[in-house]
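Chemist: Just need the structure, nothing else, for what follows:
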Amino acid sequence: MMTLLVLVVIAAIGLFWGVGIYNGLVTARNGFKNAFAQIDVQLTRRYDLIPNLVEVAKGYLKHERETLEAVIQARAAAVSGLAAAKANPGDPSAMAALGNAETGLAGALSRLMVVSEAYPDLKANQNMMQLTEELTSTENRIAFARQAYNDSVMAYNNRREVFPSNIIAGMFNFVAAALLEITDPTQRQAPKVSF
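Modeler: Numbers count the residues shown, from 1 in each chain. Predicted structure coming up:
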């Protein structure tokens, strides 16, 4: 009888231990998903600012139609990449697609800012100055949100890979999450906007 009681206690301890590990993995996974939601908020804010920026610039940059169209196309690609990443935060292919789309958008925005430098009236436009200031502020927020997301992903991946959590993670199919990495080294800094 005593042996049975000891076995029941050991089984109960093992069960609670396994449940604790499982709950920790779920908490870590939800943490990086929440961190990605913060990136989503900031990227959506930036995507909403871009059409306004293009509209203000359109009147001044009549001869720069290709630049404006490149910004619009890059924004559309980035919105699409964000939608795919939002459907499955941490998925390596979705994160890579979003990173590439963001790199393309940053390049198109940089070209727009360079072209706008040649138009003094545009540089002096109050709406343009306000939009570029908001865009720069949003870029900083995106950088902080990206850092928080990558930190959360690293904590989750560490938790799922260490022993004995890796046993529970394997049993319940906790897959590795991917970092949001930007491949273009110029994108690693917020775009410089000077008006």
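Chemist: Can you give me the neighbour number for residue 130?
Modeler: 13 (other CB atoms under 10 Å). Where you see a C-beta, it was placed from the backbone N, CA and C, and this is true even at glycine.
Chemist: tell me which element it is part of?
Modeler: helix 126-161 (DSSP states H and E).
Chemist: Could you identify the helix or strand that succeeds that helix?
Modeler: Later in the chain than helix 126-161, the nearest helix or strand by DSSP H and E is helix 165-171.
Chemist: burial measure for residue 48, as a count.
Modeler: Residues near residue 48, counting by other CB under 10 Å: 12.
Chemist: Okay, it and residue 138: tell me how far apart.
Modeler: 9 Å (CB to CB, to the nearest Å).
Chemist: Residue 36 too?
Modeler: Distance from residue 36 to residue 138, by CB to CB: 17 Å.
Chemist: before we move on, which element is the nearest residue in space to residue 151 that is not next to it in sequence in?
Modeler: Spatial nearest neighbour of residue 151, excluding adjacent residues (CB to CB, 6 or more residues apart in numbering): residue 35 at 7.6 Å. Following DSSP H and E, one finds residue 35 within helix 2-58.
Chemist: now that helix, how far from the chain's geometric center?
Modeler: Here helix 2-58 is found 14 Å from its chain centre; the criterion is CA atoms, centre = their mean, to the nearest Å.
Chemist: Next, the angle from it to helix 126-161.
Modeler: Going by axes from the mean of the first three to the mean of the last three CA atoms, to 10 degrees, helix 2-58 is angled at 160 degrees with respect to helix 126-161.
Chemist: ok, now which ones touch the residue nearest to residue 151?
Modeler: Contact analysis of residue 35 by CB atoms under 8 Å, 6 or more residues apart in numbering lists 145, 148-149, 151-153.
Chemist: how does it look with 10 Å?
Modeler: 89-90, 145-153, 155-156, 180 (CB atoms under 10 Å, 6 or more residues apart in numbering).
Chemist: any idea what sits nearest the most centrally placed residue in the chain, other than its immediate chain neighbours?
Modeler: In the chain, the residue lying closest to the centroid (CA atoms, centre = their mean) is residue 39, at 4.4 Å. In space, and not counting its chain neighbours, residue 39 is closest to residue 145: 4.4 Å by CB to CB, 6+ apart.
Chemist: what about the one you found, neighbour count?
Modeler: With other CB under 10 Å as criterion, residue 145 counts 20.
Chemist: contacting residues around the worst-scoring helix or strand of the chain on mean pLDDT?
Modeler: Every helix and strand of the chain was ranked by mean pLDDT, DSSP states H and E. The lowest is helix 120-124, at a mean of 76. Under the criterion CB under 10 Å, 6+ apart, residues 56-57, 59-61, 115-117, 128-129, 132, 194-195 lie in contact with helix 120-124.
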